[in-house]
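Q: Predicted model and sequence below, questions to follow.
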Amino acid sequence: MPWTRKHLITLEELSLTEIEQIHTTAAAFKKVLLSGVRKLPALRGKTVVNLFLEPSTRTRMAFDMAAKRLSADVISFDAASSSTTKGETLRDTAQNIEALNADMIVIRHAASGSPLYLSKILGIPVINAGDGAHEHPTQGLLDTFTMKEHLGPLKGHKIVILGDILFSRVARSNIYALTKMGADVTLVGPSTLVPHGFTELGVKVSHDLKSALADAEVVMLLRIQHERQASSHFPSLGEYTSMFGLNKTRASWLNPKAIIMHPGPINRGVEIDSELADGERSVILEQVTNGIAVRMAALYLCSGGQPENATATD
Amino acid sequence: MPSLWISNARVIDPASGRDEVGNLYIDDGKIVSSLSAAAKKRAKKIDARGLIACPGLVDIHVHFREPGQTHKETIATGSQAAAAGGFTSVVCMPNTSPVADTAGTIQYINDAIRRDAVVKIYPTGCITVGMKGQALAPIGSLKRAGVVAITDDGECVQNNELMRRAAEYAKMFDLPVMDHCQDASMTQGAVMNEGIMSIRLGLRGWPNAAEDVIVSRNVILSTYTGAHIHMQHVSSKNSVEILRRAKSRGVNVTAEATPHHIALTDAKLANYDPNFKMNPPLRTEADRQEIIAGLRDGTLDCISTDHAPHTDYEKDKEFDFAPNGILGLETSLAITLQVLVRENKFKLAYVIDLMTRKPADIVKLEAGTLTEGAAGDVCLFDPDEEWVYNSKKGFSKSSNSPWHGETLKGLVKTTIVDGRIVYVGGKIK
């Protein structure tokens, strides 16, 4: 099947086939990069604008790197250095970028729905690099790509996402990808951050860490933010750690082959013991590396490229 | 001013129980039971065959933005939108700039009304100084200046002691206290209903419990003080139930519902369209159904629009940053007829009551009836005519409507204020 999407806004709207097409394309790019090739000509002459209106380290560097690996020219645009601080609207900012003849926009924004909004007013492809608590599709794609590398096809595999689900775009994108891939997904954390309503997305919700972790093959941790304490979502970081932090004892409840994931940035000693983050089951840095190949695939496909047919990772 | 002789209309006046095809006469600005033969000869005749003639509609919740936000709406444009929607009496909210918390500002508004309005407009004043919820506004002076109610609409009074004193004090002047029921501590940063849709969209949710808490508080304070507290734009099903029980005990509370809360749910937010963003937010189907049930059994007293104009450039933003509110006046009748009469089989006369006499009674307006001697305020409409609503071409200065481009059924043909035709055939006279 040919790839027909111009924008990558959500994983909710992607079909399983499309998710797999991105994965196989990413696998092909990863293979080429591993063979020592530093640059592919796919986007030569094209300009990708990274419009990051919210702070980001990993995602922005990975998009930057991915675009450069594809030979695109890259312009990065910070909220702090732009006219958005002077009150320019998102529409005006985006239309100016398009008027500068950019070929693609990658947007990170604190307001949910803003990539969709841009995709409706701009003629060029829009890639969502994280919008509010809504979605972070390339993160969901790189996470599932990494899981597949370790577990093979994810159908029936037990996967736990642990932490601040309510405010997490990473959780949402993973939920959509994983449920489409047939994984058995359980969300875990305090009831204030993991409301029961999430079960309507086809996942389980649990507040009992032990039973949830039992025999899980993946545990994905999400960053716990200090602000949630101020907003009464839990009493203290200390209590969070004592109830839900992943430590050695709790990690022993997992399947012996289980991997530990985290989209970063990590709060060492809060949601995860430092030792585990650096331990042999941790694939946290693999996630970062895979993020480049997956973002290359997203940029390539949305700019008109066609997916690889190979099923290297399937 | 010539007398008016409206013939062949189905005249519906819920206040008097009249519902018949016949004549309606207006003389010297007032409804009369007949005209002399000589007066009939001179009268302006309107053949209203196929139309309903009802009291001019009454809306006790509109925002006309004057003074201070006249780029969104003015008393002139707002009153024209009202006339086009069949409304002859509207009550405007005090969250202008400056807010209407002094007699001077009320006088300014009343001057503008006298100068510019084509329908009757009644101002409200703030409950608290600056609408800040900290100190009582000069409610007695506001009353003397002509307000028909006090409200901090948009900013619910959070302090229970202050609300208690406001209710007790306003009771002395026989002024209803209208409250926008929202516990602010529970809705920090919230932009939509809390539920599966807010989970899906990753937007901050405002639980209906935050409305229920304040509705309960107001029931308790009304019970304690005897003061009349009116709940604005009820959106939560549990609030309807709380009010139902309170009313069965005779508590002096009233409540309104908006056309959008009876017609739409938060499922409409799937595309983050800010024209579906208002406060309180669209809620679930269960809430919508209970609001309709509340209107049916009288728990909710009336329909009011919360007509809230914002310019395109203000609304055209990321959902989080777009202001709350939508237009309502030009679509209210068509939407209400659709939802209540056609979909939920309410009697037409009852729905007209919800839009005329009942809201007028809440703020004690001399309006909402066609009985002899009443003001000659009439709405003539065709309940079955279909029309396409183009909000960009409406009379409001703004166009922020979720119904833009939709085909609606039920069209206002003529609006008459004190015996004078102010709107006919799509034009303001």
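A: Everything's here; your move. Numbers count the residues shown, from 1 in each chain, chains lettered A, B, ... in the order given.

Q: From here on, just use CA atoms for contacts and neighbour counts.
A: Will do.

Q: What residues sit buried inside stretch A:228-244?
A: For stretch A:228-244, the neighbour count (16 or more other Cα atoms under 10 Å in any protein chain shown) marks A:228, A:234, A:237, A:240-241, A:244 as buried.

Q: Does the helix or strand containing B:Asp287 reach chain A?
A: Taking DSSP states H and E as the criterion, the element that holds B:Asp287 is helix B:285-297. No - Helix B:285-297 lies out of reach of chain A by Cα under 8 Å from any Cα of the partner chain, never closer than 15.6 Å.

Q: mind listing what the closest residue to chain A within the stretch 201-350 of chain B touches?
A: Here the residue of the stretch 201-350 of chain B nearest chain A is B:Gly202; by Cα to the nearest Cα that distance is 3.9 Å. Contact partners of B:Gly202, counting by Cα atoms under 8 Å, 6 or more residues apart in numbering or on different chains, are A:112, A:132-135, A:167, A:169.

Q: Okay, and which of these map to strands?
A: With DSSP state E as the criterion, strands contain none of these.

Q: mind putting those in JSON lines, neighbour count, distance to chain B and pLDDT included?
A: JSON lines is the format used below for these (neighbours: other Cα atoms under 10 Å in any protein chain shown; distance: Cα to the nearest Cα, whole Å; pLDDT from 0 to 100):
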{"residue": "A:Ser112", "neighbour count": "24", "distance to chain B": "6", "pLDDT": "97"}
{"residue": "A:Gly132", "neighbour count": "22", "distance to chain B": "7", "pLDDT": "95"}
{"residue": "A:Ala133", "neighbour count": "26", "distance to chain B": "4", "pLDDT": "96"}
{"residue": "A:His134", "neighbour count": "27", "distance to chain B": "4", "pLDDT": "98"}
{"residue": "A:Glu135", "neighbour count": "30", "distance to chain B": "8", "pLDDT": "98"}
{"residue": "A:Phe167", "neighbour count": "22", "distance to chain B": "7", "pLDDT": "95"}
{"residue": "A:Arg169", "neighbour count": "24", "distance to chain B": "7", "pLDDT": "97"}
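
Q: From the residues you listed, which land in helices?
A: Applying DSSP state H to these, the entries found in helices are A:Arg169.

Q: Can you convert the contacts of B:Gly202 into JSON lines and add a column each for distance to B:Arg420?
A: Compiled in JSON lines, the contacts of B:Gly202 are given as follows (distance: Cα to Cα, whole Å):
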{"residue": "A:Ser112", "distance to B:Arg420": "50"}
{"residue": "A:Gly132", "distance to B:Arg420": "53"}
{"residue": "A:Ala133", "distance to B:Arg420": "54"}
{"residue": "A:His134", "distance to B:Arg420": "54"}
{"residue": "A:Glu135", "distance to B:Arg420": "56"}
{"residue": "A:Phe167", "distance to B:Arg420": "57"}
{"residue": "A:Arg169", "distance to B:Arg420": "58"}
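
Q: Of the contacts of B:Gly202, which is the nearest to A:Pro55?
A: Proximity of the contacts of B:Gly202 to A:Pro55 (Cα to Cα) peaks at A:Gly132, which lies at 11.8 Å.

Q: Quick check: that closest one touching A:Ile107?
A: No - counting by Cα atoms under 8 Å, A:Gly132 stays clear of A:Ile107, with 11.3 Å between them.

Q: Distance of the most centrally placed residue in chain B relative to B:Ala293?
A: Centroid check for chain B by Cα atoms, centre = their mean gives B:Ser304 as the closest residue, at 2.5 Å. The gap separating B:Ser304 from B:Ala293 is 16 Å, by Cα to Cα, to the nearest Å.

Q: what is the mean pLDDT for the helix or strand encompassing A:Lys148?
A: Here A:Lys148 sits within helix A:137-151, counting by DSSP H and E. Mean pLDDT, computed over helix A:137-151, is 98.

Q: all helices for the stretch 101-250 of chain B, in order.
A: For the stretch 101-250 of chain B, the helices defined by DSSP state H, counting those that start in this stretch occupy B:103-116, B:139-145, B:160-172, B:196-201, B:208-225, B:237-248.

Q: Next, format those helices as TSV and append distance to B:Ile6.
A: Converted to TSV, the helices of the stretch 101-250 of chain B look like this (distance: least, Cα to Cα, whole Å):
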stretch	distance to B:Ile6
helix B:103-116	27
helix B:139-145	36
helix B:160-172	41
helix B:196-201	49
helix B:208-225	43
helix B:237-248	39
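
Q: for the spatially closest residue to B:Arg200 that is not a sequence neighbour, what are its contacts?
A: Sequence neighbours aside, A:His134 is the residue nearest to B:Arg200 in space, at 7.0 Å (criterion: Cα to Cα, 6 or more residues apart in numbering or on different chains). A:His134 makes contacts with A:112-113, A:168-169, A:172, B:200-203, as judged by Cα under 8 Å, 6+ apart.

Q: Now do the residue in the stretch 51-200 of chain B that chain A sits nearest to, the pLDDT please.
A: Closest residue of the stretch 51-200 of chain B to chain A, Cα to the nearest Cα: B:Ile196 (5.9 Å). On pLDDT, B:Ile196 comes in at 97.

Q: cool, the one 10 residues further on as well?
A: We note a pLDDT of 97 for B:Trp206 in this prediction.

Q: what's the closest non-adjacent residue to B:Lys171?
A: B:Ala227 (5.3 Å).

Q: That neighbour and B:Pro176 touch, don't they?
A: Yes - counting by Cα under 8 Å, B:Ala227 does reach B:Pro176; the two are 7.4 Å apart.

Q: of the two, who's got more company?
A: Using other Cα atoms under 10 Å in any protein chain shown, the more surrounded residue of B:Ala227 and B:Pro176 is B:Ala227, with 26 against 23.

Q: residues contacting that one?
A: By Cα under 8 Å, 6+ apart, B:Ala227 lies in contact with B:167-168, B:170-171, B:176-177, B:221, B:252.

Q: if we go to 10 Å?
A: If you count contacts by Cα atoms under 10 Å, 6 or more residues apart in numbering or on different chains, B:Ala227 has them with B:164, B:166-172, B:174-177, B:218-219, B:221, B:251-253.

Q: Show me just the buried residues among those residues.
A: Using 16+ other Cα under 10 Å as the burial test, those include B:164, B:166-171, B:174-177, B:218-219, B:221, B:251-253 as buried.

Q: Which residues of the stretch 151-300 of chain B lie near chain A?
A: For the stretch 151-300 of chain B, the residues in contact with chain A (Cα under 10 Å from any Cα of the partner chain) are B:185-186, B:188, B:194-204, B:270-273.

Q: any idea which helix or strand of chain A has the worst average confidence?
A: Sorting the helices and strands of chain A by mean pLDDT, DSSP states H and E puts helix A:227-230 at the bottom, at a mean of 74.

Q: That one packs against which elements?
A: helix A:237-244 (3 or more Cα pairs under 10 Å, 6 or more residues apart in numbering or on different chains; DSSP states H and E).
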